[in-house]
Structure formats: structure tokens, C-alpha cells
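Q: please work out how this folds:
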Amino acid sequence: MDGKRVKDSQVTLHNLMLPHHANPMGNIHGGVIMKLVDEAGGLCAIRHAQSQAVTVAIDSMTFHSAVRVGEVLTLEASLNWVGRSSMEAGVRVTAENPITGECTHTNSAFLVYVALDENRRPVEVPPLILETDEERRRWAEAKVRQQRRLSRQQEKKK
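A: Purely as a prediction, here's the structure:
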């Protein structure tokens, strides 16, 4: 199976935040942002695997700043690591005031997806071709996170 470059599956989504996305305080619901993060990461995984992919883990998501109605949310997803059938995507979220141009990093997340075949069984994915020092650094960090995830799973089984 031929490998695929990181940039071949990268995804950027833009979404205008509207009143129906907001909570009573006028900020965008965290759940709306989490859904969009999962969509961006999932699309990135699907593009890499060229098959369906399902979410199996979200490590954590910390919100650094609120997103307000009228801001444009930008979600940038990129694969960090791939295994046999699993893939870790990193998603960075920023909010832009389209009038002033001010951008704020609102949150980031690491998500794990598993590629599935037409019978909904895990299927092998192409290896990830790392071309830059940044991609190699992100791979190494993601590999450590994956090892931690697997260790936690083993602990739960005991």
C-alpha cells in the first residue's frame, strides 16, 4: 500500500456562528464546537483512508476563549499519526471577527478514528509520509499519546 502525505488529507472548514448556535450568554455552545471539531477531524481521516472512519477517542478539549455570534470559526485538521487501521487527527480552532480581522485561538483537540470497510470492520490505512520536521515532531508526540491510550485500555481490562 502506497503512503500518503500529510498535506493530501488536510482539511480546513469555515463556519459563520449564528444565533441558533448560541447559549443564553450569547456564546457559542461548546457542544456545537465539539461537533465541528469531530467533523473536521473525521473528514481528514476519511480523506486519508479513502473509506469511512468512526471516532473512537477524543483525548481532551479545553476552551481557551469564548466564541461569539457573528464570528467565523476556522477548524484546521491534519493527521499526526497512523497505525494499522487507526489515525490520530489534530484539530486547531480559531475564531475571527470578520469586521476587525482579529483572530483568537479558541481550542485544540486530538481525536482518534478507525477506518472501516463496507462491512463496518477495521480496514488497513495507508502509511503516513512525513516530509517536514514539524510533521516528524507531531508524529513522535502522537505516538506517545497513542501508547498512553493503549496503556489506559490495558489497565481498564485488569
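Q: list the buried residues for stretch 105-116?
A: Across stretch 105-116, burial judged by 16 or more other C-beta atoms under 10 Å covers 106, 107, 108, 109, 110, 111, 112, 113, 114, 115, 116. Backbone N, C-alpha and C define where each C-beta goes, glycine included.
Q: got a list of contacts for the lengthiest helix in the chain?
A: In the chain, taking DSSP state H as the definition, the longest helix is helix 133-157. If you take C-beta atoms under 8 Å, 6 or more residues apart in numbering as the criterion, helix 133-157 is touched by 6, 57, 59, 78, 80-81, 83, 86, 88, 90, 110, 112, 128, 130.
Q: ranges for the helices of the chain?
A: 30-49, 133-157.
Q: show me the residue at the heart of this structure, geometrically.
A: Most central in the chain under C-alpha atoms, centre = their mean is residue 41, positioned 3.3 Å from the mean C-alpha point.
Q: ok, it - contacts?
A: By C-beta under 8 Å, 6+ apart, the residues touching residue 41 are 55, 77, 89, 90, 91, 109, 111, 113.
Q: any idea of the mean pLDDT in the longest strand along the chain?
A: Counting by DSSP state E, the longest strand found in the chain is strand 103-116. Averaging pLDDT along strand 103-116 gives 97.
Q: and that strand, what does it pack onto?
A: helix 30-49, strand 52-61, strand 86-96, helix 133-157 (3 or more C-beta pairs under 8 Å, 6 or more residues apart in numbering; DSSP states H and E).
Q: what's the burial count for residue 121?
A: When neighbours are defined as other C-beta atoms under 10 Å, residue 121 has 10 of them.
Q: check the one 4 residues further on too.
A: Neighbour count of residue 125, defined by other C-beta under 10 Å: 25.
Q: ok, now residue 3?
A: Neighbours around residue 3, by other C-beta under 10 Å: 12.
Q: ditto for the one 5 residues further on
A: Summarising burial for residue 8: neighbours were counted as other C-beta under 10 Å, giving 13.
Q: how about it, what does it touch?
A: 47, 48.
Q: distance of it relative to residue 139?
A: To residue 139, residue 8 is 15 Å away according to C-beta to C-beta, to the nearest Å.
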